[in-house]
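# Need coordinates for the below:
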Amino acid sequence: MNPTIKDYLMLHLIVLIWGFTAILGLLISLPAIELVFYRTLIAAIGVAGLFLLKKKNLLMPFPDMIKVTGVGFVIAMHWILFFWSARVSTASVCLAGMATTSLWTAFVEPLFNRTKIKWYEVGLGLMVISGLLVIFSFESGYWLGISMALGSAFLAAIFSVLNGKLAHKHHPYQITFYEMAGACLFTLLFMPIYSNFMTEEGLQLTWVGYDWFWLFILGGVCTVYAFSVSVELMKRLSVFSINLTVNLEPVYGIILAVLIFGESEKMTPQFYLGTGIILVSVLTYPVLNYINKRRKPVRPLG
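This is a model prediction of the structure:
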């Protein structure tokens with residue numbers, strides 16, 4: 001089935017919603033682990049409730065259930081690093097690092113599909129590194145946040161490629177349920193390690209102020225709705241084209257962050273220069289990919 005204009009508009013709406021998640025991560029007082037736990041718990045319960053209301057079967061073959069739940073583990077690690085990055089730096093820094101997702105995909109997808117890596121993908125990868133070096137050189141205080149965001153982007157590329165394969169076999173909401181349940185399970189298993197070795201404050205599972213409201217926005221709109229629609233779009237759009245559009249998430253997110261948080265989210269001109277280099281390299285990819293596909297081998301004369 002060929003993609004329509006509506007598909008691309010829906011994709012941009014989803015990316016705008018995702019651009020808001022880093023902001024929600026700052027509005028919610030809970031640390032990253034606890035935040036991801038509640039987000040995935042609310043999402044899993046929400047999807048299960050939808051299936052009960054529609055009286056549809058949520059079950060899938062056990063081997064597939066294990067695979068999808070395993071992808072949920074990857075998603076949990078991605079989100080933990082994502083929100084942690086925003087906490088130790090800023091929403092803008094976190095989103096700048098996430099701009100590398102499509103280029104990670106350019107390397108991960110051929111690895112999973114056993115195809116060759118293209119030369120221009122290596123060149124664009126080096127261009128992304130140059131943009132990151134510009135950011136690091138002038139925003140060295142945010143090196144931890146950027147590093148976490150890069151790790152989060154790498155994990156996002158992995159689960160996007162895996163979801164691209166799963167989307168053709170199962171209903172989007174089935175995939176969302178088992179992935180959210182898997183992500184929730186991962187955070188539960190990780191909590192003892194986190195509370196004993198990674199924090200002095202222990203687990204903080206109590207909601208404060210409007211945390212409950214923002215968590216339901218995060219779990220309902222930004223997860224159940226946005227995640228399920230993105231899986232549905234994978235039936236008609238390529239994984240790379242989706243992740244390419246997702247690279248507009250920093251643009252939407254940084255604009256929203258500056259509008260909401262004001263001066264605390266404003267960065268140096270060098271930060272925006274580095275982010276610009278990353279986005280240019282990402283947006284250049286489809287042009288080079290199109291030229292490469294159009295180029296035909298020259299047949300020898302005679």
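# where does the stretch 51-200 of the chain dip in pLDDT?
Segments of the stretch 51-200 of the chain classed as low confidence (criterion: pLDDT under 70) are 136, 138-140.
# what about the nearest residue in space to residue 151 that is not next to it in sequence, how many neighbours?
Closest residue to residue 151 in three dimensions, ignoring its sequence neighbours and counting by CB to CB, 6 or more residues apart in numbering: residue 81, at 5.0 Å. C-beta coordinates here come from the backbone N, C-alpha and C atoms, glycine included. Using other CB atoms under 10 Å, residue 81 has 25 other residues around it.
# ok, now the one 5 residues further on?
Neighbour count for residue 86, taken as other CB under 10 Å: 27.
# thought it was touching residue 27?
No. Taking contact to mean CB atoms under 8 Å, the distance of 10.5 Å between residue 86 and residue 27 leaves them out of contact.
# any idea how far residue 65 is from residue 176?
For residue 65, the distance to residue 176 under the criterion CB to CB, to the nearest Å works out to 13 Å.
# quick one: which of the two has more around it?
residue 176 (29 against 16).
# name the element the more buried one belongs to?
Element membership of residue 176, judged by DSSP states H and E, is helix 172-193.
# counting contacts, what elements does that helix pack onto?
Here helix 172-193 is seen to pack against helix 32-54, helix 62-88, helix 226-233 when contacts are counted using 3 or more CB pairs under 8 Å, 6 or more residues apart in numbering; DSSP states H and E.
# a markdown table for those helices, including distance to residue 143?
Conversion of those to a markdown table gives the following (distance: least, CB to CB, whole Å):
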| stretch | distance to residue 143 |
| --- | --- |
| helix 32-54 | 18 |
| helix 62-88 | 10 |
| helix 226-233 | 30 |
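# mind checking which of these is nearest residue 205?
Using CB to CB as the measure, helix 32-54 is the one of those that comes nearest residue 205, at 5.6 Å.
# what comes into contact with the helix or strand where residue 129 lies?
Assessed by DSSP H and E, residue 129 sits inside helix 119-138. Identification of contacts with helix 119-138 by CB atoms under 8 Å, 6 or more residues apart in numbering yields 93, 96-97, 100, 103, 106-107, 142-143, 146, 150, 268, 270-271, 273-278, 280-282, 284-285, 288-289, 292.
# in that helix, what counts as buried?
120, 121, 124, 125, 127, 128, 131, 132, 134, 135, 138 (16 or more other CB atoms under 10 Å).
# TSV for these, including distance to residue 257?
As requested, those are exported to TSV (distance: CB to CB, whole Å):
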residue	distance to residue 257
120	32
121	30
124	26
125	27
127	25
128	21
131	19
132	19
134	20
135	16
138	19
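# Pick the one among the residues you listed closest to residue 254.
Closest approach to residue 254 among these (CB to CB): residue 135, at 12.7 Å.
# before we move on, the earlier item: quick one, the helix holding residue 176 and helix 62-88 angle?
For the pair helix 172-193 and helix 62-88, the angle between their directions (axes from the mean of the first three to the mean of the last three CA atoms, to 10 degrees) equals 60 degrees.
# Pull out the buried residues from helix 172-193.
By 16+ other CB under 10 Å, the buried positions in helix 172-193 come out as 172-187, 190.
# what does that helix contact?
33, 36-37, 40-41, 43-44, 47-48, 50-51, 58, 60, 65, 68-73, 75-77, 79-80, 163, 166-167, 203, 223-224, 227-229, 231-232.
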